[in-house]
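1. Predicted structure and sequence below. I'll ask about it afterward.
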Amino acid sequence: MKIAEHRDSSETAHGSVRGWINGFIGVLLFSGSLPATRVAVLELDPIFLTAARAAIAAILAIMVLFICGQKRPKRSEIYSIAVVSVGCVVGFPLLSALALQHVTSAHSMVFVGLLPLATAVFGVLRGGERPTLLFWIFSILGGLLVTGYAIAQGSTFSPVGDALMIAAIVVCGLGYAEGARLAKTLGGWQVISWALVLSAPIVVVLAILYLPTSLIAIRIDTWIALGYVSFFSMFIGFIFWYRGLALGGIASVGQLQLLQPLFGLGLAAGLLHEEVGWEMVVVTLGVILCVAASRRFAR
């Protein structure tokens, strides 16, 4: 009996570590999403950008599904796939692209600090997880740090941009939690692949309708940004992310998203030359501490 319990405990711990490793890789890849989107929306319509990145990723997903000989998902799984499609394939990319017409990527990046809390809430509602009270305290504290920073911005505060980012965080948290719940049975890369396939007919039509009048005039860095959000943000990152959430727990691994602002701020400052004030750095360091604490009290 003790040997079996020890084996179960060891397997659980091993799965948790693998979950955090996969989740970390996913967060690292997602960190370039908002800076790349900021670059792209300077020349591309947000609707075209959203549709194009999903359409390109859908083509890649169809190829992978065909090569691997994957069977179609069960009818009972279609609802969850549709939620992932609405939240992660269309909702977050479109809302964040619209927001980045009003705010900088550095400013929007701080709102990502609210994403772990949104994911954890939907993890409870949809995934049946039950984190401890201390977990919620540190998760809410991290969210308050982010919200307080946004309110204190004064001249850089954009009601429209911030409202769009908050809406993006809510739908993304739902998509993350629903996808992680489904990934336990369907598989991480299969979830995002079928979500892309489900949205393909709509996004392909939108991409054609909102196609820029002159493709030649668009700068090369805009195309690079579109390529990044299509391949890494929309497909490859989700493979690691959903696997991490499924292995390590939605609420627990979801706290890694609090690290995303740190990586994103570095990209915004280094690549886009956006101003990153000391207040933004302090807030980011504060939410990192909340990650460590919430990880400690996740279960």
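-> Received, thanks.
2. And the strands in this structure, which stretches?
-> Remark: strands of the chain are absent; assignment by DSSP state E.
3. pLDDT weak spots in it?
-> 1-15, 127, 129, 146-147, 150-157, 268-276, 291, 295-299 (pLDDT under 70).
4. let's go with 50 and repeat that
-> 1-8, 11, 155 (pLDDT under 50).
5. count of residues packed around the residue nearest to Tyr228 when sequence neighbours are not counted?
-> Distances taken as Cβ to Cβ, 6 or more residues apart in numbering place Ala36 nearest to Tyr228, at 4.5 Å, with adjacent residues excluded. Every residue, glycine included, has its C-beta placed from N, CA and C. Counted by other Cβ atoms under 10 Å, the residues lying close to Ala36 total 27.
6. how close does Ala36 sit to Leu267?
-> 8 Å (Cβ to Cβ, to the nearest Å).
7. Number of residues surrounding Leu100?
-> Leu100 is flanked by 25 other residues according to other Cβ under 10 Å.
8. My read is that it contacts Thr37, right?
-> Yes. The criterion here is Cβ atoms under 8 Å, and Leu100 meets it with Thr37 at 5.6 Å.
9. Helices of the stretch 151-299 of the chain, start to end?
-> In the stretch 151-299 of the chain, helices defined by DSSP state H, counting those that start in this stretch lie at 159-186, 188-209, 220-228, 237-248, 250-254, 260-271, 278-296, listed in chain order.
10. and the angle from the last one to helix 237-248?
-> If I follow you right, that is helix 278-296. 40 degrees (axes from the mean of the first three to the mean of the last three Cα atoms, to 10 degrees).
11. Any idea how far helix 278-296 is from the middle of the chain?
-> 18 Å (Cα atoms, centre = their mean, to the nearest Å).
12. Looks like the residue nearest to Tyr228 contacts Asp221 (just checking).
-> No. At 9.5 Å, Ala36 does not count as touching Asp221 under the criterion of Cβ under 8 Å.
13. Identify the contacts common to these two.
-> Taking Cβ atoms under 8 Å, 6 or more residues apart in numbering as the contact rule, Ala36 and Asp221 touch no residue in common.
14. residues near Leu42, how many?
-> 13.
15. For it, give its distance to Asp221.
-> From Leu42 to Asp221 the distance is 9 Å (Cβ to Cβ).
16. which of the helices of the stretch 151-299 of the chain is buried the deepest?
-> Mean neighbour count (mean count of other Cβ atoms under 10 Å) peaks for helix 250-254 among the helices of the stretch 151-299 of the chain, with a mean of 30.
17. C-alpha coordinates for that helix, CSV please?
-> In CSV, the C-alpha atoms belonging to helix 250-254 read as follows (Å, rounded to 0.1, in the frame of the first residue of the first chain):
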residue,chain,number,x,y,z
ILE,A,250,-5.2,24.9,-14.6
ALA,A,251,-5.0,27.2,-11.6
SER,A,252,-1.5,26.3,-10.6
VAL,A,253,0.3,26.4,-14.0
GLY,A,254,-1.9,29.3,-15.1
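18. which other residues reach it?
-> 16, 19-20, 23, 115-116, 119-120, 122-124, 127, 129, 131, 135, 139, 176-177, 180-181, 244-245, 247, 294-295, 298-299.
19. I'd say Asn161 and His102 touch.
-> No Asn there; residue 161 is Gly. Yes. Using Cβ under 8 Å, Gly161 makes contact with His102 at a distance of 3.2 Å.
20. on that earlier part again, what do Leu100 and Thr37 both touch?
-> With Cβ under 8 Å, 6+ apart, Leu100 and Thr37 have no common neighbours.
21. give me every residue that touches the residue nearest to Tyr228.
-> Ile224, Ala225, Leu226, Tyr228, Val229, Ser233.
22. Now with 6 Å, please.
-> Applying Cβ atoms under 6 Å, 6 or more residues apart in numbering, we find Ala36 in contact with Ala225, Tyr228, Val229.
23. and if you look at Leu133?
-> Leu133 neighbours (Cβ under 6 Å, 6+ apart): none.
24. what separates it from Ser139, distance-wise?
-> From Leu133 to Ser139 the distance is 11 Å (Cβ to Cβ).
25. tell me the helices in the stretch 1-150 of the chain, going along the chain?
-> With DSSP H, counting those that start in this stretch as the criterion, the stretch 1-150 of the chain has helices spanning 2-30, 33-41, 46-67, 78-84, 92-99, 105-111, 115-127, 133-151.
26. Can you say which of the ones you listed is nearest to Val204?
-> When the helices of the stretch 1-150 of the chain are compared by Cβ to Cβ, helix 46-67 sits nearest Val204, at 4.9 Å.
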